[in-house]
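[1] Need coordinates for the below:
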Amino acid sequence: MSENVFVLGLDDHNHQVLQRLPDAERYRFHSLLTIPELQYGKTIPLRELLEKAQTQLERINVAVDSIIGFWDFPVTTMVPILCRRVGGLPSASLNAIVKCEHKYWSRLEQQKVIDEYPRFGLVDLERDTEPPEGVNYPMWVKPVKSFSSDLAYSVSDIEEFRDALDQIRQGIGRIGEPFDILLEHLDLPPEIAAAGGMACLAEEAISGRQLTVEGYRYRGRAHILGVVDSITHDQSSSFVRFQYPAAVPDRVNDRMADITTRILDQIELDDTTFNIEFFWDEETDDLNVLEVNPRHSQSHAELFEQVDGVSNHQAMVRMALGSDPGMSHRDGPYPIAAKWFLRHWHDGVSRRHPSDEEITALEHELPGVTVDVIAHQGDRLSELFDQDSYSYKIANIYIGANDEDELRAKFERCADVLPFEFDE
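    Reported below is the predicted structural model:
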């Protein structure tokens, strides 16, 4: 009999990746709410979303064997709540997940077990007009909870600092308010209870190569799947691509694995996938933790599939069913893979996007390429979900290749022929 896997915010692209899992015939994947319901609205009505999801689960005429999700808030926090409500299905604890997702709480937990983090401090949006004492420019200012790089600003002086706070005040409530509701249901340390979900974190800028450790923690033991290189534009923090595997020395991989294990042991994040973002300075050999995420990155799923033979989705699916993930390594068709971001650098409205026929023809021309269009005709770029503060993603292009030169050549071919048009 098939096991029923309910996926919060199941989109077509990830559904296709899930259906390519080696044991996909064992599973039936069901969509539980939609991405627009979960993340696109002007508000995130957490209580209503939980009730709607629970009602959907209760009314469906099949057994609920597992509930998963690989998107950011509110999905990460809804999974353990719903797993508990429908009969105690396997999942990470809500407390451990929030320890990761509340950026200030996460830093305080890291501080207890590692030294590889930047100087940081809390910013009260209602009272503070100066950075926290001991935190120096250049710095980043960001809400204690946000999506990706949304409302995260790099600042180099007091004028930019105050301007960033003004920008954050205008948008922080969309995520901060439902995050505050979630915090009410946890036994919080006094400093986290006082900060709440509507505060900001200021931390000194760190630099170097951005690397992401992907893995899972099962029955109290962390397992590293691999390290992904996150490559940014020279004049912007916007990503060019995610590339796997990252070409870094073994000693650096070993240090990141050790830091990762200590953090996860401290937070007690278990029975879930994770990713931890680092900066590695190649000149000084310094490592710093940027962020701890209590989920794997769906952006990396096809990279692991192309290089290792199975996507990182498998670890999440199997643990949600109470099984050992049993991941493969370097069994894929390509030695290198990347997710490239095709970008537009100014706001505008899409007049034309590639048709299904044009995409199919390009994917047939270039083996190992998958194109996922983000900006469709009629879309205003600034209103699209999951954009950073400096540019607009219009398509994700997943590429497997034999080497980096081929990887780049395939992307350049895609960028040249994909027909996007915009009204500025």
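[2] Please report the distance of residue 282 from residue 324.
    Per Cβ to Cβ, to the nearest Å, residue 282 is found 36 Å from residue 324. For glycine as for every other residue, the C-beta is placed from the backbone atoms N, C-alpha and C.
[3] ok, now residue 257?
    Separation of residue 257 from residue 324 (Cβ to Cβ) stands at 19 Å.
[4] And the two? Which one has more around it.
    Shown here are residue 257 and residue 324; by other Cβ atoms under 10 Å, residue 257 has more neighbours (17 against 12).
[5] so that one, which of the three states?
    Following DSSP: H, G, I helix; E, B strand; the rest coil, residue 257 is assigned to helix.
[6] Quick check, it in contact with residue 223.
    No: contact criterion Cβ atoms under 8 Å: residue 257 and residue 223 do not qualify, at 9.7 Å.
[7] which residues in the stretch 51-200 of the chain form strands?
    Along the stretch 51-200 of the chain, the segments classed as strands by DSSP state E, counting those that start in this stretch run 66-68, 120-123, 139-143, 153-155, 200-204.
[8] With mean neighbour count added, can I get these in JSON lines?
    JSON lines is the format used below for these (neighbours: other Cβ atoms under 10 Å):
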{"stretch": "strand 66-68", "mean neighbour count": "25"}
{"stretch": "strand 120-123", "mean neighbour count": "21"}
{"stretch": "strand 139-143", "mean neighbour count": "24"}
{"stretch": "strand 153-155", "mean neighbour count": "19"}
{"stretch": "strand 200-204", "mean neighbour count": "24"}
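[9] can you list contacts of the one helix or strand residue 306 maps to?
    Taking DSSP states H and E as the criterion, residue 306 maps to helix 301-308. Under the criterion Cβ atoms under 8 Å, 6 or more residues apart in numbering, residues 14, 17, 20, 70, 214, 225-226, 228, 242-245, 310-313, 327-339, 368, 370, 398, 400 lie in contact with helix 301-308.
[10] what's the answer for stretch 337-344, then?
    Looking at what lies outside stretch 337-344 - Cβ under 8 Å, 6+ apart - the contacts are 238-244, 299-300, 302-303, 306-307, 368, 375, 381, 391-401, 407, 411, 414-415, 418, 420, 422.
[11] try it again with 6 Å
    Contacts to stretch 337-344, defined as Cβ atoms under 6 Å, 6 or more residues apart in numbering, come from residues 239, 241-244, 299, 303, 306-307, 391-400, 407, 411, 415.
[12] Any idea which residue is closest to the centre of this protein?
    residue 297 (4.9 Å; Cα atoms, centre = their mean).
[13] and it, backbone torsions?
    phi -90, psi 120 (degrees, to the nearest 10).
[14] Tell me how this structure divides into domains.
    Listed domain ranges for the chain are 3-91, 119-204, 209-423 (source: automatic domain parsing).
[15] Pull the contacting residues for residue 176.
    Shown in contact with residue 176 (Cβ under 6 Å, 6+ apart): 197, 198.
[16] now residue 314
    residue 21.
[17] what bits of the stretch 301-424 of the chain have low per-residue confidence?
    389 (pLDDT under 70).
[18] for the stretch 101-250 of the chain, that is, sorry about that
    148.
[19] Let me see the ranges of the helices in it.
    103-111, 158-171, 173-183, 190-195, 250-267 (DSSP state H, counting those that start in this stretch).
[20] Buried ones in the last one, by neighbour count?
    Right, the one you point to is helix 250-267. Residues 252-253, 255-257, 259-264, 266-267 are the ones in helix 250-267 that count as buried (16 or more other Cβ atoms under 10 Å).
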